[in-house]
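Trainee: Quick check, what structure comes out for this input:
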Amino acid sequence: MSRAGCALAALSVGAALSAGCSKSTDAEPPPAPDSTRTYTYTVIDSFPHDSTAYTQGLAFGPEGYLYEGTGLYGGSSLRRVELTTGRVDTMIGLAALYFGEGIALLGNRIVQLTWRENSAFVWNRASFAREGQFSYAGEGWGLTFDGSRFIMSNGGSALQFRDTATFEIRRSAQVRDDDGPVDRLNELEYIDGEVWANIWLTDWIARIDPDDGRVTGYVDLTGLLSRTAHPTAEVLNGIAWDSAGARLFVTGKYWPWLYQIEVREAP
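Mentor: Have a look, this model is predicted:
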């Protein structure tokens, strides 16, 4: 379905659900940051990625597989993916009433958020068998694990730090840069003491100090994927960190490629 068709379908909730629409992409992107440190990138490698995947969450497993959560009503899934080939090794679909969102790995479990269904599913990482479910208020967007807590975004400017056993909020941090609050926090990844967050509708990743919510810098990934060459590709979304190999991977919704990149401070 085209973006225009999705916008028309969204005139009624029932039509939007049946059409499998995404969050509206007609909203104006936020202005570019102008007073916070910025970083640029170098592409180290690229790997095939399923261009039909509406990527919502991405994580790198200790055994070398990528784990990916996809969205859309009637099209949401959880996948285990071979890095080098992009082949989907294992996949399980969510019921049509759920819109899948961010994922996080915790030992042999995968936790997967849903957008407006107030539910997080707990999956066995090896078998993809469902092991449980958490409930939460509000929307679910991004999720990561910092070694002791889940960190969750809901599309606003807050990071929620949640108990791994109960999923209860233990504290929140408002994310701010030098110009004020930063909202549209989407997919999250915990990298060397920082939370990295896709800013929805942009090509930026915010680097956030989880202690106080301060944005320490922005990674500008403009030009990573040519929208001219790939006109059906949508926004950047998906960050995975291989802590053992110190490798950073990024992709987007309907992107045909997943990139390994190296980040450096912009001149």
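Trainee: For stretch 236-248, buried residues please.
Mentor: Leu236, Asn237, Gly238, Ile239, Ala240, Trp241, Asp242, Arg247, Leu248 (16 or more other C-beta atoms under 10 Å). Backbone N, C-alpha and C define where each C-beta goes, glycine included.
Trainee: Would you mind giving those as a markdown table with distance to Asn108 and pLDDT added?
Mentor: Output for the buried residues of stretch 236-248, formatted as a markdown table (distance: C-beta to C-beta, whole Å; pLDDT from 0 to 100):
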| residue | distance to Asn108 | pLDDT |
| --- | --- | --- |
| Leu236 | 30 | 97 |
| Asn237 | 26 | 98 |
| Gly238 | 22 | 98 |
| Ile239 | 22 | 98 |
| Ala240 | 18 | 98 |
| Trp241 | 19 | 98 |
| Asp242 | 18 | 98 |
| Arg247 | 22 | 98 |
| Leu248 | 24 | 98 |
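Trainee: Next, name the residue at the spatial heart of the protein.
Mentor: Glu187 (2.5 Å; C-alpha atoms, centre = their mean).
Trainee: Same question for the strand or helix carrying Trp196: list its buried residues.
Mentor: Trp196 is part of strand 194-199, with elements assigned from DSSP states H and E. Buried residues in strand 194-199, counted by 16+ other C-beta under 10 Å: Glu194, Val195, Trp196, Ala197, Asn198, Ile199.
Trainee: quick one: which of these is nearest Leu78?
Mentor: Asn198 (18.9 Å; C-beta to C-beta).
Trainee: quick one: the closest one from Ala137, how far?
Mentor: 23 Å (C-beta to C-beta, to the nearest Å).
Trainee: pLDDT below threshold where in this protein?
Mentor: Across the chain, residues meeting the criterion (pLDDT under 70) sit at 1-29, 31-35.
Trainee: at 50 what do you get?
Mentor: 1-20 (pLDDT under 50).
Trainee: rewinding a little: pick out whichever of the buried residues of strand 194-199 sits closest to Glu117.
Mentor: Using C-beta to C-beta, those come closest to Glu117 at Asn198, 21.0 Å.
Trainee: Quick check: phi and psi on Ala137?
Mentor: With angles defined as degrees, to the nearest 10, Ala137 sits at phi -90, psi 150.
Trainee: same question but for Met91, I mixed them up
Mentor: phi -150, psi 140.
Trainee: Just give me the neighbour total for it.
Mentor: Around Met91 there are 15 other residues, counting by other C-beta atoms under 10 Å.
Trainee: ok, now Gln133?
Mentor: Count around Gln133 with other C-beta under 10 Å applied: 13.
Trainee: what pairs with the helix or strand hosting it, and is each one parallel or antiparallel?
Mentor: Counting by DSSP H and E, the element that carries Gln133 is strand 130-135. With DSSP bridges as the test, strand 130-135 is paired with strand 119-124 (antiparallel).
Trainee: Which of the residues in the strand it pairs with are classified as buried?
Mentor: Applying 16+ other C-beta under 10 Å to strand 119-124 flags Ser119, Ala120, Phe121, Val122, Trp123 as buried.
Trainee: which one among those residues gets closest to Asp183?
Mentor: Ala120 (21.5 Å).
Trainee: outside of the helix or strand just after the strand holding Gln133, which residues touch it?
Mentor: Counting by DSSP H and E, the next helix or strand C-terminal to strand 130-135 is strand 143-145. With contacts defined as C-beta atoms under 8 Å, 6 or more residues apart in numbering, strand 143-145 is touched by 57, 59, 101-106, 111-113, 120, 150-153, 164, 188-190, 195.
Trainee: Good, we can wrap up now.
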